[in-house]
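[1] need a structure here:
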Amino acid sequence: MIFAAGLGTRLGKITENIPKALVDINGKTALQLAVEKCSSYGFNDIIINVHHFADMVEEEVSRLNKKGFTVSVSDERDKLLENAGGLYKARGFFDKRPFLLYNVDIISDFDLSALYRFHLEKKGLATLAVRKRPGKRFYLINNDGLIRGWRNISTGRQILSVNTEEELTEIAFSSMHIAEPEMFEYMYEGIYSFTDLYLKLAEKHNIYTLRRDEGYWYDVGTPENLEDVSRFLNSGS
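    Numbering: from 1, shown residues only. Reported below is the predicted structural model:
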């Protein structure tokens with residue numbers, strides 16, 4: 001599932017007339033780049049959620065399907081459900097196999113196959129791609145890469161899923177993760193985030209992380225980041 005329903009408010013004037021999923025990155029939409037990325041690793045039966053400028057996004061989905069991709073739509077026009085709530089609404093799309101979750105505004109060379117293999121090896125409920133990078137909100141993980149909590153360093157707020165004496169490391173989520181369909185048994189209808197979900201699940205289940213600091217990773221959620229990633233991709237680095 002590619003999450004493409006966000007309002008894109010951090011992009012300012014850019015998203016006054018188009019949704020974030022349709023911002024142009026060197027001649028392709030963010031959605032097309034995300035679909036190409038997921039499909040290239042074998043995740044080629046895709047569903048996206050739509051809300052902001054939903055009709056425009058559906059037109060892009062139609063165009064991508066005509067190009068040979070397989071993309072379905074989960075309609076959130078009436079209510080934006082955040083990412084976990086949006087996943088639960090689309091739960092009927094998935095079968096009994098683990099599945100990929102991916103944010104439309106992420107541009108990265110991260111190896112999604114490695115993430116999938118690692119998830120199968122660890123046999124947890126979910127596995128999150130993480131990276132050491134600047135930010136304000138971090139998961140707290142132990143030496144085995146298991147999520148144990150979360151911290152906002154700008155506000156000082158901290159949540160621990162498990163009371164532990166272990167040494168914990170701050171690590172940033174890369175907005176790419178693999179989940180088991182069993183996870184739906186612990187979810188519910190409503191508006192909530194993956195942070196809320198994973199912190200709750202980590203109390204009794206293994207939620208793993210796979211850390212990769214090498215390569216590139218961009219969040220095109222701001223005009224500055226959008227300009228940076230366009231310049232980087234144009235450079236052929």
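
[2] what about the strands in this structure?
    Using DSSP state E, the strands of the chain run over 2-3, 24-25, 28-29, 46-50, 71-75, 99-103, 106-108, 126-131, 137-141, 147-152, 158-160, 169-179, 207-211, 217-219.

[3] Dump those into a markdown table; add mean neighbour count as well.
    Placement of C-beta: from N, CA and C, glycine included. Formatted as a markdown table, the strands of the chain follow (neighbours: other C-beta atoms under 10 Å):
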| stretch | mean neighbour count |
| --- | --- |
| strand 2-3 | 24 |
| strand 24-25 | 16 |
| strand 28-29 | 18 |
| strand 46-50 | 23 |
| strand 71-75 | 17 |
| strand 99-103 | 21 |
| strand 106-108 | 22 |
| strand 126-131 | 25 |
| strand 137-141 | 21 |
| strand 147-152 | 20 |
| strand 158-160 | 14 |
| strand 169-179 | 21 |
| strand 207-211 | 23 |
| strand 217-219 | 18 |
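
[4] Residue most distant from the centroid, this structure?
    What lies farthest from the middle of the chain is E165; by C-alpha atoms, centre = their mean that is 30.0 Å.

[5] how far away is that residue from R148?
    From E165 across to R148, the span is 11 Å (C-beta to C-beta, to the nearest Å).

[6] before we move on, what about N65?
    N65 is 42 Å from R148, where distance means C-beta to C-beta.

[7] ditto for A21
    From A21 to R148 the distance is 33 Å (C-beta to C-beta).

[8] Same check on V130?
    Counting by C-beta to C-beta, the gap from V130 to R148 is 13 Å.

[9] so what sits against both of these two?
    I141 (C-beta atoms under 8 Å, 6 or more residues apart in numbering).

[10] Could you save the strands of the chain as TSV and add columns showing mean pLDDT and distance to V57?
    TSV is the format used below for those (pLDDT from 0 to 100; distance: least, C-beta to C-beta, whole Å):
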stretch	mean pLDDT	distance to V57
strand 2-3	98	11
strand 24-25	95	14
strand 28-29	96	9
strand 46-50	98	5
strand 71-75	98	8
strand 99-103	98	14
strand 106-108	97	17
strand 126-131	98	24
strand 137-141	98	27
strand 147-152	98	30
strand 158-160	96	33
strand 169-179	98	18
strand 207-211	98	30
strand 217-219	96	19
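
[11] For the protein, which segments are assigned as helices?
    For the chain, the helices defined by DSSP state H cover 30-40, 54-66, 82-89, 112-122, 194-201, 223-235.

[12] mean pLDDT for those helices: which is lowest?
    Among the helices of the chain, helix 223-235 carries the lowest mean pLDDT, at a mean of 92.

[13] Take stretch 76-86, keep the C-alpha atoms, and write them as PDB.
    Output of stretch 76-86 as PDB, limited to C-alpha atoms (Å, rounded to 0.1, in the frame of the first residue of the first chain):
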ATOM      1  CA  GLU A  76     -11.000   8.400   1.900                       C
ATOM      2  CA  ARG A  77     -12.700  11.400   0.400                       C
ATOM      3  CA  ASP A  78     -15.200  11.600   3.300                       C
ATOM      4  CA  LYS A  79     -12.600  11.400   6.100                       C
ATOM      5  CA  LEU A  80      -8.800  11.400   6.200                       C
ATOM      6  CA  LEU A  81      -7.800   8.400   8.400                       C
ATOM      7  CA  GLU A  82      -4.100   8.900   8.900                       C
ATOM      8  CA  ASN A  83      -1.900   6.000   7.800                       C
ATOM      9  CA  ALA A  84      -2.800   3.300  10.200                       C
ATOM     10  CA  GLY A  85      -6.500   4.100  10.000                       C
ATOM     11  CA  GLY A  86      -6.200   4.100   6.200                       C
END
